[in-house]
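Enquirer: Here is a sequence with its predicted model. Questions after.
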Amino acid sequence: MRNKNTAAILALILGVFGVHRFYLGQTFLGIIYCMFFWTGVPALLGVIDAVLLAVMNDTLFDAKYNREFLKGNVDPWRQREREQEMEYYRRQREGKRKYEIPVPSAPSKKENPTKLTGIAKYKDYDFKGAIEDFQKAIKIDPTDTSLHFNIACAYSITENAEKAYEHLSNAVTLGFVDFDKISTHDSLAYVRIQPQWDTFVENGFKLKPNVMEIPVTSKEENPSSPDLLEQLKRLGELRERGLLNELEFESQKKKILG
């Protein structure tokens, strides 16, 4: 059987030639040490190996380097003791305690079924169907911030700015704080080109009384009116900031101009 102290001494004295590796039955590593002894690296590794071998637990050393000698030659009680020690060290390596008390997980909140169907319809571009399901889901759980955000996106896509603003405001009031998402999400592009967007942002992404009275520009209205020019200007700013691509810009521009 191999002795760990002998292996440590060989590593310290002759580690530069990998003698301790040959002693431990690691012939390939021993050859590598010999091939690169002239670089000085094997000598350094030999010192490190000597320290590691010196402090290694006897059970671990035997399990790693004397496994073939132990088979059939160990007292059953000693073998059981070694197995228990190995299990202890294995648990330590995995970051587990020897006696681990399971902590019961908190009961998960039951998923709102109409929320799931609404999300599925939204992904399939059935925005009207998604709105209907989201409305039902909100009746079940009116405090769900993600529901208010999702339905606001669906309303924005269907160009119902009033409802979109209403539910965005509800989401923020209930604790939704990802304002950057509101300011950049593609589905909310229509909301961001509305005249009341700046007021909405200044008020902390919440509604003020009467802020939702959206002016409607008729086709016969003078194209040079201040409201229309302001909408076109804001649309151009969104394109410059990369919030609208060229197709979206042209589409929104046509809707504004009638």
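Expert: In hand now; what should we look at?
Enquirer: in the stretch 151-258 of the chain, which segments are predicted with low confidence?
Expert: 208-227, 241-248, 258 (pLDDT under 70).
Enquirer: and if you look at the stretch 1-150 of the chain?
Expert: 68-82, 84-85, 88-90, 92-110.
Enquirer: Could you pull out the helices in it for me?
Expert: 4-14, 19-23, 27-35, 41-55, 58-65, 67-70, 76-93, 113-123, 127-140, 145-157 (DSSP state H, counting those that start in this stretch).
Enquirer: what's next to stretch 48-57, contact-wise?
Expert: Lys4, Asn5, Ala7, Ala8, Ile9, Ala11, Leu12, Gly15, His20, Phe61, Glu85, Tyr89 (CB atoms under 8 Å, 6 or more residues apart in numbering). For the C-beta atoms, the positions are set from N, CA and C on the backbone; glycine is no exception.
Enquirer: Spit out the contact partners of the residue nearest to Leu207 when sequence neighbours are not counted.
Expert: Sequence neighbours aside, Ser169 is the residue nearest to Leu207 in space, at 4.2 Å (criterion: CB to CB, 6 or more residues apart in numbering). The contact partners of Ser169, taken as CB under 8 Å, 6+ apart, are Phe200, Phe205, Lys206, Leu207.
Enquirer: Could you dump the helices of the stretch 1-150 of the chain into JSON lines and include distance to Ala189?
Expert: Converted to JSON lines, the helices of the stretch 1-150 of the chain look like this (distance: least, CB to CB, whole Å):
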{"stretch": "helix 4-14", "distance to Ala189": "68"}
{"stretch": "helix 19-23", "distance to Ala189": "66"}
{"stretch": "helix 27-35", "distance to Ala189": "62"}
{"stretch": "helix 41-55", "distance to Ala189": "60"}
{"stretch": "helix 58-65", "distance to Ala189": "63"}
{"stretch": "helix 67-70", "distance to Ala189": "67"}
{"stretch": "helix 76-93", "distance to Ala189": "52"}
{"stretch": "helix 113-123", "distance to Ala189": "16"}
{"stretch": "helix 127-140", "distance to Ala189": "14"}
{"stretch": "helix 145-157", "distance to Ala189": "7"}
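Enquirer: With adjacent residues omitted, what lies nearest to Lys128?
Expert: Spatially, and ignoring its direct neighbours in sequence, Lys128 is nearest to Thr158 (6.7 Å; CB to CB, 6+ apart).
Enquirer: now the one you found: how far from Ser169?
Expert: 18 Å (CB to CB, to the nearest Å).
Enquirer: Out of the helices of the stretch 1-150 of the chain, flag the one nearest Ala164.
Expert: Of all those, helix 145-157 sits nearest to Ala164, with 3.9 Å by CB to CB.
Enquirer: what angle separates that closest one from helix 127-140?
Expert: 150 degrees (axes from the mean of the first three to the mean of the last three CA atoms, to 10 degrees).
Enquirer: and the angle from the helix or strand just after helix 145-157 to helix 127-140?
Expert: Next along the chain after helix 145-157, taking DSSP states H and E as the criterion, comes helix 161-173. Per the same axes, to 10 degrees, the angle that helix 161-173 makes with helix 127-140 is 40 degrees.
Enquirer: Format the CA atom coordinates belonging to helix 161-173 as CSV.
Expert: Provided in CSV are the C-alpha atoms of helix 161-173 (Å, rounded to 0.1, in the frame of the first residue of the first chain):
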residue,chain,number,x,y,z
ALA,A,161,-54.7,55.4,-25.6
GLU,A,162,-57.2,56.3,-22.8
LYS,A,163,-57.5,52.7,-21.5
ALA,A,164,-53.7,52.2,-22.0
TYR,A,165,-52.9,55.2,-19.8
GLU,A,166,-55.5,54.1,-17.3
HIS,A,167,-54.0,50.7,-16.7
LEU,A,168,-50.4,52.0,-16.8
SER,A,169,-51.4,54.4,-14.0
ASN,A,170,-53.0,51.5,-12.1
ALA,A,171,-49.9,49.3,-12.5
VAL,A,172,-47.7,52.1,-11.1
THR,A,173,-50.1,52.9,-8.3
